[in-house]
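Requesting a structural model of the entry that follows:
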Amino acid sequence: MNLKVFLVLSILVAALPATVIQAQGHRIMTATIETESGRRTVEIRYYPESEEWAKDVFRTIKEGFPLLEKKIGVPCPTAWDIIVEETTSLEAGVAGVNRGPLGMTVPTGISPAVIIHELCHYWFGSHLDLRWSNWILEGFPEAYTIAVLKELGHPEGYSHWSARLDQYERAKAELGDKPLSEVGYTPNFKDPRVAMLYSKAMVYCTWLITFFGEETMHKINVQAIPTNPLRADDYQKILEDITEQDLDWLFSGWVYEGTYYYQGQSVSFEWFAGDGDKDGILTLEEIEMGFSPKTADMDRDGLPDGYELLLKTDLKNPDTDNDGLPDGEEVAIIVDGKNTEWSTPVVTDPQGDSASPDPQDVKALYYATDDTFMYFMIEFYHPLSKAYHNGIQLDVDDDGRTDFIFYIIYDRLFLSIWEDGEAVEVVTDPQLLKGAIAVTDQVIEFRLPKRMRQLRFPSTFNVFPYEFSVVDRDISDTTASITLSLDQHAVESTNPFNPDTDGDGIRDGEDDDPLVALAEKSTEGATEEVSEEEIADEEEKEEKEEKEGDPEKVEKEVTATQKFTFSQVLLAIILLVGLVVLLVVWSLRS
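Below you'll find the predicted structure:
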């Protein structure tokens, strides 16, 4: 080949984001990325039919690796290139194997969450003679994976978290809630002790990162990552030396047998992993936002904090529009997981028909609407459990098949979209479900917009509530389907942003009927209260006005006549002056 041609081709190949090479049945995609710890080569070894997957993996690494360095707060301690090799030979249950400088081996089509997790091991677990507690080794990669995926706007930032919590529920059904010191790796990755390790360590390490904050966590990582061995007591000593606190309470229930604590109060794993105070905001997110996860209604106005965030009312002012009515009294349906506004169900279900041995047992579905939203409440015979996905299935085209499912996992709302009897998409990011909220407490309450990005509800649709057993992996109870309409069971309320909803000049809090304007009320009242004597007086007055004329009408007519006469006089004066001027001019000329 001509040397110049060869050089040009070499330059072009080097400039491409990926170079494709054939090797042992794989194609190889290579590129370099710039990181805080220096330039690294990324090499993806993939099967020919997996090219789109390989591009997605490369994109995940290119965007995710620098974010990991930023969030962990430590430049990557290894100088290894990043090698990902697709394989079909890993044993069941194994999502990936990190071989250090030799790269990672992952199953065909593995998700970005696994790739980010394995990249985390470049920090957490890079020692050749590794002697770390398993929960440290796997928990922090899980926690940082969730954080990175959320920042990248990847749906797995939410679905991966929820999938791990389902694993926790299945493991707990077999083992109980074991501390992390009693679970770990086994030769069989389907062992519930492995599921308990990954799921519980994910929540615990996310709690640690949230509790200490980014700056302190960076200091902890700087000391902990180079340390080997790093057992639970070694890690606790690092935390206590940096914070100068006794942190036994922070390890209780999580690492060692004992009680879970938050600010000196006894709580639970479910409290940390879900929405502990039932206000519509998950506990760890609420702590990160600076709110209290122990107070559902910060300003005590009757609206839970998460619902106020959605409505955009003032969380610190019980009366946002200062009209004398608390915000909670200006909302027709308060989505707080309590059966307070509901009276008559649209469909009921008999007790004892659930297929689960420890059921919640669906009891009834309630429904209401306003101009913009639909509201659903699902009632159960037994207390609600995180071991179930609860929700509603919708058939919007009346073909007898489910089109959409709104359901809850650990207090987070999801939407599953179905076509021809198959699930085609799951919407996990709350930002893509704008206007929707669900709160689980004594009951489950939903608010759904009538128009969403993913669907617009028709005028009528079919719906039924259900419970899905996470342990049995099956629907254990439903009610019969019922047809509902968009304007059925309409409710209305005053406006929490308008102190005078009906515009009659009276503040809502002082108005006997703040939804009806004063003029309308006056008209209605006059019709109801006029007596026969008042009618006779009115008739006599009308007869008198006909004879004498209405003074007010006469005054208007006189005023109009006066105005008209004045105009005529003014016009005559102008014409007269003009005539005089013409005569003077004519006389002077002559």
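
which residues does the closest residue to residue 409 other than its chain neighbours contact?
Closest residue to residue 409 apart from its sequence neighbours, by CB to CB, 6 or more residues apart in numbering: residue 162 at 4.3 Å. Backbone N, C-alpha and C define where each C-beta goes, glycine included. Contact analysis of residue 162 by CB atoms under 8 Å, 6 or more residues apart in numbering lists 409-410, 412, 414, 428.

ok, so of the residues you listed, who is nearest residue 243?
residue 410 (29.0 Å; CB to CB).

now, which of the contacts of residue 162 sits nearest residue 363?
residue 409 (21.1 Å).

Just grab the bridge partners of that closest one for me.
Residue 409 forms beta bridges with residue 412, as assigned by DSSP bridges.

mind listing the helices for this protein?
3-15, 51-72, 112-120, 134-151, 156-175, 192-224, 232-243, 248-251, 269-273, 283-289, 305-311, 518-529, 532-548, 551-589 (DSSP state H).

Which elements pack onto the shortest one?
To tie it back to what came earlier, the one meant is helix 248-251. If you count contacts as 3 or more CB pairs under 8 Å, 6 or more residues apart in numbering; DSSP states H and E, helix 248-251 packs onto helix 232-243.

tell me which residues in the helix it packs on are buried?
By 16 or more other CB atoms under 10 Å, the buried positions in helix 232-243 come out as 232, 234-236, 238-239, 242.

Residue nearest the middle of this protein, spatially speaking?
residue 430 (2.8 Å; CA atoms, centre = their mean).

Could you list the domains of the chain?
29-279, 280-318, 332-485, 497-546 (automatic domain parsing).

looking at the ones you listed, which is closest to residue 491?
Of the domains of the chain, nearest to residue 491 by CB to CB is domain 332-485, at 3.9 Å.

first to last residue in that closest one, what's the distance?
18 Å (CA to CA, to the nearest Å).

what mean pLDDT does that domain have?
Across domain 332-485, pLDDT averages out at 95.

pretty sure residue 219 is touching residue 239, no?
No - look at residue 219 against residue 239 with CB atoms under 8 Å: they stay out of range, at 10.0 Å.

which residues do those two both contact?
By CB under 8 Å, 6+ apart, no residue touches both residue 219 and residue 239.

on that earlier part again, what's the farthest-apart pair in the buried residues of helix 232-243?
Across the buried residues of helix 232-243 (CB to CB), the longest gap, 16.1 Å, separates 232 and 242.

Can you check what pLDDT the model gives residue 97?
Taking residue 97 on its own, its pLDDT is 86.

Let me know the distance separating it from residue 264.
Distance from residue 97 to residue 264, counting by CB to CB, to the nearest Å: 43 Å.

neighbour-wise, which of the two wins?
Ranked by neighbour count (other CB atoms under 10 Å), residue 97 and residue 264 place residue 97 first, with 16 against 6.

Distance check, the more buried one against residue 189.
Residue 97 is 11 Å from residue 189, by CB to CB.

ok, now which ones touch the residue nearest to residue 407 when sequence neighbours are not counted?
Leaving aside its sequence neighbours, residue 407 sits nearest to residue 391 (CB to CB, 6+ apart; 3.0 Å). Contact analysis of residue 391 by CB under 8 Å, 6+ apart lists 405-408, 465-466, 468.

who's residue 391 bridged to?
Going by DSSP bridges, residue 391 forms beta bridges with residue 407, residue 466.

Could you measure from it over to residue 475?
For residue 391 relative to residue 475 (CB to CB), the value is 10 Å.

where does residue 250 land on pLDDT?
98.

Neighbours of it, how many?
Neighbour number of residue 250 under other CB under 10 Å is 22.

which residues touch it?
208, 211, 239, 261.

Just put the contacts of residue 391 in a markdown table and tack on neighbour count and distance to residue 487.
Output for those, formatted as a markdown table (neighbours: other CB atoms under 10 Å; distance: CB to CB, whole Å):
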| residue | neighbour count | distance to residue 487 |
| --- | --- | --- |
| 405 | 19 | 24 |
| 406 | 21 | 20 |
| 407 | 22 | 25 |
| 408 | 23 | 26 |
| 465 | 27 | 21 |
| 466 | 20 | 25 |
| 468 | 20 | 30 |
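
possible to save these as TSV with distance to residue 344?
Shown next, in TSV, are the contacts of residue 391 (distance: CB to CB, whole Å):
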residue	distance to residue 344
405	25
406	22
407	25
408	24
465	16
466	21
468	26
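
which among these gets closest to residue 372?
For the contacts of residue 391, the nearest to residue 372 is residue 406 (16.8 Å; CB to CB).

Thought residue 513 was touching residue 504, still the case?
No - the criterion here is CB under 8 Å, and residue 504 misses it with residue 513 at 9.3 Å.

Quick check: closest non-adjacent residue to residue 428.
residue 158 (3.8 Å).

Surely that neighbour is in contact with residue 410?
No - Residue 158 lies out of contact with residue 410 (CB under 8 Å); the separation is 10.6 Å.

pretty sure residue 359 contacts residue 476?
Yes - taking CB under 8 Å as the definition, residue 359 is a contact partner of residue 476 at 6.1 Å.

list residues touching both of those two?
residue 467.

Distance check, the closest residue to residue 294 other than its chain neighbours against residue 283.
Leaving aside its sequence neighbours, residue 294 sits nearest to residue 277 (CB to CB, 6+ apart; 5.7 Å). The gap separating residue 277 from residue 283 is 8 Å, by CB to CB.

Now for these two: what residues contact both?
residue 293.

Pick out whichever of those two has more residues nearby.
Using other CB under 10 Å as the criterion, residue 277 and residue 283 rank with residue 283 on top: 25 against 20.

so what's that one up against?
Here residue 283 is in contact with 271-277, 293 (CB under 8 Å, 6+ apart).

still on that earlier bit, for the domains of the chain, give me JSON lines that also has distance to residue 326.
Shown next, in JSON lines, are these (distance: least, CB to CB, whole Å):
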{"stretch": "domain 29-279", "distance to residue 326": "16"}
{"stretch": "domain 280-318", "distance to residue 326": "4"}
{"stretch": "domain 332-485", "distance to residue 326": "11"}
{"stretch": "domain 497-546", "distance to residue 326": "9"}
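
any idea which of the contacts of residue 162 is closest to residue 67?
residue 428 (19.3 Å).

That closest one against residue 155, yeah?
Yes - using CB under 8 Å, residue 428 is in contact with residue 155, at 4.6 Å.

Tell me which of the two has more neighbours.
residue 428 (22 against 16).

how about that one, what does it touch?
Residue 428 neighbours (CB under 8 Å, 6+ apart): 155-159, 162, 414.

Now for residue 453: which residues touch it?
Contacts of residue 453 by CB under 8 Å, 6+ apart are 432, 434.

so how far is residue 393 from it?
In terms of CB to CB, residue 453 sits 20 Å off from residue 393.

cool, residue 302 as well?
Where residue 393 is concerned, residue 302 sits at a distance of 31 Å (CB to CB).

And those two? Which one has more around it.
residue 393 (21 against 17).

Identify the farthest-apart pair in the contacts of residue 250.
So for the contacts of residue 250, where distance means CB to CB, the most widely separated pair is 239 and 261, at 15.1 Å.

just checking, residue 152 touches residue 62?
No - no contact is recorded between residue 152 and residue 62 when judged using CB under 8 Å, the distance being 10.7 Å.

count of residues packed around residue 425?
12.

Kindly state the beta-bridge partners for it.
Bridge pairing for residue 425 - DSSP bridges - gives residue 417.

Residue 28 too?
residue 21, residue 45.

Chain neighbours aside, what residue packs nearest to residue 109?
residue 53 (5.6 Å).

Kindly report the same for residue 69.
residue 36 (4.6 Å).

Do you know the pLDDT at that neighbour?
For residue 36, pLDDT reads 87.
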